[in-house]
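J.: Attaching a predicted model along with its sequence, questions to come.
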Amino acid sequence: MSEHRGSIAEAVAGIIGELSGPEAVRLAEPHGWNEPAWRALAEAAFTTVAVPEEHGGSGGDIADACEVLTAVGRFAAAVPVAENCLLAGWALSSAGLALPGGPVTMAVGHPADTAVLRGNTASWRLNARLHRVPWARQATHIALLADLEEVPHVVLVPHADAEIQPGSNLAGEARDGVVVDAVVPHAVPAPAGIDTGTLRLRGALGRAAAMSGALARINELTLAYTGTRQQFGRTIDRFQAVQRHIVRIAEHANAAAIAVEAAAANARPLPDVFDVAAAKIVCGEASGIVAAAAHQAHGAIGMTKEYELGQLTRRLWSWRDEFGTEALWSELLGEQLAAAGAAALWPRISTGRVVGNE
Amino acid sequence: MRFATTVLTPAELELRAQVRDFLRTELPPEHKPGLGMAAEHDPEFSCKLAAAGWVGMAIPPKYGGRGRSVVDRFIVTEELLSAGAPIGAHFVADRQTAPVLLRYGSEAQREYFLPRICAGECWFSLGMSEPDSGSDLASVRTTARQVDGGWLVNGTKVWTSGAHKNHYFAVLCRTSPADGDRHEGLSQLIVDLSAAGVRISPIHFLNGAHHFNEVSLTDVFVPDGMVLGQLGSGWQQVTSELSYERAGPDRFLSVFTTFRHYLAELAQPPSPQAARAIGSLAAQFWTIRQLSLSVARALDEGRAMRAEPALVKDIGTRFEQRAIELLRSVAETELDPESDSMFARLLAEAVLTGPSFTLRGGTTEILRSVARKGLRG
């Protein structure tokens, strides 16, 4: 990516601003994704950011991809960018496989998933049962990790070989069950560092970035609405009771943004567990608080299908649980900090952003 | 509104390492940490810290300071607070009075007070609130009447932290009657707390501790040279002073030592509930610290900060209160101020003092009004 940071968000906004405007989001919902937005982003090479060019990507780093995802969240765009860039793109290119045209999604290891590989390089056979795979029904390929005699392999399954059981999240985004019992063309032993833990970490960072975008947009919507809506002869932002909601939203939207910015900047070359866990926890907690406050400030209009707020809050209520809830990440982070001991606590907390732009 | 992440420079990291070394030497392992800025009053510690160059850091060298940046001061302050260091003697003078003197004080005042503050030897209290003036500060009734060579001050100030130990306080008072705009006619006077006519009586905190005082002023003579800034500009000065005190590390680190001692005394491995509490608190500390640091960096870069400091204070202080409740919920013990456990003693103190976090320096409700105006831009 040659774009300077900040201009990526602007470029993405230019591309999907209309294609994923509130009306377009409403029309896309029954389809489980926003195909026009995906096509436009793919044409501009924003769907393969952070995937090396020699493996079919557009280059750039994780921070660039997070900037794309923040814009995706802001416009409530139902597109598998995180799956294509940060998950499948990374796993396939690391394993030396080219990233197909896509969209390619990836199963990261739902607790109920099973995936067993048999055979050898001449012929691979995969038996898999996967749960809540994002946008599986729209994907040209589904990537996953499957064990061959306890050795994890990166496997790529063409859409035609997968039986899809459609499902969705609260925002109507496809989250599908997938059953595979087929001969598959590609399986490569997973390189060191590619496992369900590192995949989940990347997915969590991607969702945190999208959440920070949605939170920023809710902040703008609430300021605009409360600054124009009049009751008792004045705009409702004049009332201290309403100010409480406005300020709370601004605080949590900004906290989420700075946490994502630090986690994304530090994720070069690889995401750090503390940073990403903290960002996902902070964005997840912010989502619940901000959604409640924004709906309260908006009143009944916010509860309608037509209005933009609900498109954003339904995503926040979904994304905060995807790739690990706050409880999961808090527990994991807490165990690490407890093991490291009290003396290491402050040094870690006071290590914010450490990677600069140059 | 923009809070940007910032990377500490090698020189800033070196400063931090020096402060950590200093604190390892100065604070014995059995030291009972303070809760943020309500820490112990320890003149010896303040002098040692000053000798190291870490009091009045952002004041220019010609007034005894070190001419360091806001971020440098942030780094020193967060290290002190996270260790629960006894900063009570010099903290308010360093945080609040010194920058106000530098900005509004006369040359004579700067030359007299700033070197003493930077040496950790001259301590200030704040003289804003009164029995009938809290959030509505412009309603203060303390008056100063002009006499030969100075002013006679009459009135009563309350919630004056440390007045029984400190040397001076900057008193907001009315120097001309409020006809029309009541924000006019207010001035700040530097009052010697040992002067004739000053009577200091304790207002005990709800746990019995003595930090607060009522300070009554009866015909206290204040020479002309002790008028701080422009006569009649007290309102503008005080509001800018409050923004200095808003966004620093003292607004989110008050209960950090409680958290650290929880971790230190934790049975290993932690229960899932305990691990969740630790992870959630660490995530919030990490994030809010970066918000606060970004304000310091922005001030160094000369960017105007209006709503941001008020937002940081509000999110920081409300987080502190939630942190107390979260630690309590996983501690599963009865609160005991005399417990053998350092964590239990700190938690007991935190529960008792926590409600003040969202009162001092402007109540949450007033801050929201400040922040909302800034958000509107």
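T.: Perfect, I can see it now.

J.: Nearest residue to residue 295 in space, please, no chain neighbours.
T.: Reading this off chain A. Nearest non-adjacent residue to A:His295, counting by Cβ to Cβ, 6 or more residues apart in numbering or on different chains: A:Gly302, 4.9 Å away. For the C-beta atoms, the positions are set from N, CA and C on the backbone; glycine is no exception.

J.: my bad, the chain I had in mind was chain B
T.: Nearest to B:Val295 is B:Ala247, by Cβ to Cβ, 6+ apart, at 4.3 Å.

J.: you'd agree that neighbour is up against B:Ser292?
T.: Yes. Using Cβ atoms under 8 Å, B:Ala247 is in contact with B:Ser292, at 5.6 Å.

J.: and for these two, which residues touch both?
T.: Common contacts of B:Ala247 and B:Ser292 (Cβ atoms under 8 Å, 6 or more residues apart in numbering or on different chains): B:Val312.

J.: Tell me if I am right that the residue nearest to A:His295 is in a helix.
T.: Yes. Residue state for A:Gly302 (DSSP: H, G, I helix; E, B strand; the rest coil) corresponds to a helix.

J.: What's the biggest helix in chain B, counting residues?
T.: Taking DSSP state H as the criterion, chain B has its longest helix at helix B:272-300.

J.: which residues does A:Pro189 bridge with?
T.: Under DSSP bridges, the beta-bridge partners of A:Pro189 are A:His153.

J.: Please report how far it lies from chain B.
T.: 33 Å (Cβ to the nearest Cβ, to the nearest Å).

J.: What is the neighbour count of that residue?
T.: Per other Cβ atoms under 10 Å in any protein chain shown, the neighbour tally for A:Pro189 reads 12.

J.: Isn't it up against A:Glu150?
T.: No. Contact between A:Pro189 and A:Glu150 fails when scored by Cβ under 8 Å: they sit 11.6 Å apart.

J.: show me where the stretch 101-250 of chain A has helices.
T.: Ranges of helices in the stretch 101-250 of chain A, per DSSP state H, counting those that start in this stretch, are A:196-228, A:240-266.

J.: Ok, which of those helices comes nearest A:Ala291?
T.: Closest of the helices of the stretch 101-250 of chain A to A:Ala291 is helix A:196-228, at 7.6 Å (criterion: Cβ to Cβ).

J.: Could you figure out how far the longest helix of chain B is turned away from helix A:240-266?
T.: Interaxial angle, helix B:272-300 versus helix A:240-266 (axes from the mean of the first three to the mean of the last three Cα atoms, to 10 degrees): 90 degrees.

J.: who does helix B:272-300 touch, helix- and strand-wise?
T.: Applying 3 or more Cβ pairs under 8 Å, 6 or more residues apart in numbering or on different chains; DSSP states H and E, one finds that helix B:272-300 contacts helix A:240-266, helix A:273-298, helix A:326-340, helix A:345-349, helix B:70-82, helix B:256-265, helix B:307-331.

J.: Now render the ones you listed as TSV, adding distance to B:Leu13, mean neighbour count and mean pLDDT.
T.: Converted to TSV, those look like this (distance: least, Cβ to Cβ, whole Å; neighbours: other Cβ atoms under 10 Å in any protein chain shown; pLDDT from 0 to 100):
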stretch	distance to B:Leu13	mean neighbour count	mean pLDDT
helix A:240-266	15	25	96
helix A:273-298	18	25	98
helix A:326-340	20	21	98
helix A:345-349	11	19	98
helix B:70-82	9	24	96
helix B:256-265	20	22	96
helix B:307-331	23	22	93
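
J.: Reformat those helices as JSON lines; add distance to A:Ala216.
T.: Below are these laid out as JSON lines (distance: least, Cβ to Cβ, whole Å):
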{"stretch": "helix A:240-266", "distance to A:Ala216": "5"}
{"stretch": "helix A:273-298", "distance to A:Ala216": "10"}
{"stretch": "helix A:326-340", "distance to A:Ala216": "20"}
{"stretch": "helix A:345-349", "distance to A:Ala216": "25"}
{"stretch": "helix B:70-82", "distance to A:Ala216": "26"}
{"stretch": "helix B:256-265", "distance to A:Ala216": "29"}
{"stretch": "helix B:307-331", "distance to A:Ala216": "14"}
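
J.: Partner strands of the biggest strand by length in chain B, with direction?
T.: Ranked by number of residues, the top strand in chain B under DSSP state E is strand B:212-223. Here strand B:212-223 has these sheet partners by DSSP bridges: strand B:150-157 (antiparallel), strand B:198-203 (antiparallel).

J.: what about the residue nearest to A:Val188 when sequence neighbours are not counted, how many neighbours?
T.: Ranked by Cβ to Cβ, 6+ apart and with sequence neighbours excluded, the top spatial neighbour of A:Val188 is A:Ala95, at 4.2 Å. A:Ala95: 20 surrounding residues under other Cβ under 10 Å.

J.: just checking, A:Ala95 touches A:Ala190?
T.: Yes. A:Ala95 is within contact range of A:Ala190, at 6.7 Å (criterion: Cβ under 8 Å).

J.: tell me, what's touching those two both at once?
T.: A:Val154.

J.: so how far is B:Asp250 from A:Asp275?
T.: In this view, A:Asp275 and B:Asp250 are 25 Å apart by Cβ to Cβ, to the nearest Å.

J.: could you check the angle helix A:196-228 makes with whichever strand in chain A runs longest?
T.: What stands out as the longest strand in chain A, according to DSSP E, is strand A:123-134. Taking the same axes, to 10 degrees, one finds strand A:123-134 and helix A:196-228 inclined to each other by 20 degrees.

J.: For chain B, just list every one of the helices.
T.: Taking DSSP H, the helices of chain B run over residues B:10-26, B:43-51, B:70-82, B:91-92, B:98-104, B:107-118, B:234-244, B:256-265, B:272-300, B:307-331, B:342-353, B:364-376.

J.: want to try a markdown table for those, with distance to A:Leu86 as columns?
T.: A markdown table is the format used below for those (distance: least, Cβ to Cβ, whole Å):
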| stretch | distance to A:Leu86 |
| --- | --- |
| helix B:10-26 | 30 |
| helix B:43-51 | 46 |
| helix B:70-82 | 33 |
| helix B:91-92 | 45 |
| helix B:98-104 | 45 |
| helix B:107-118 | 51 |
| helix B:234-244 | 40 |
| helix B:256-265 | 32 |
| helix B:272-300 | 21 |
| helix B:307-331 | 29 |
| helix B:342-353 | 40 |
| helix B:364-376 | 32 |
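
J.: Out of those, the one nearest A:Ala297 is which?
T.: Closest approach to A:Ala297 among the helices of chain B (Cβ to Cβ): helix B:364-376, 11.7 Å.

J.: now for that closest one, which elements pack on it?
T.: When contacts are defined as 3+ Cβ pairs under 8 Å, 6+ apart, helix B:364-376 packs onto helix A:196-228, helix A:240-266, helix B:307-331.
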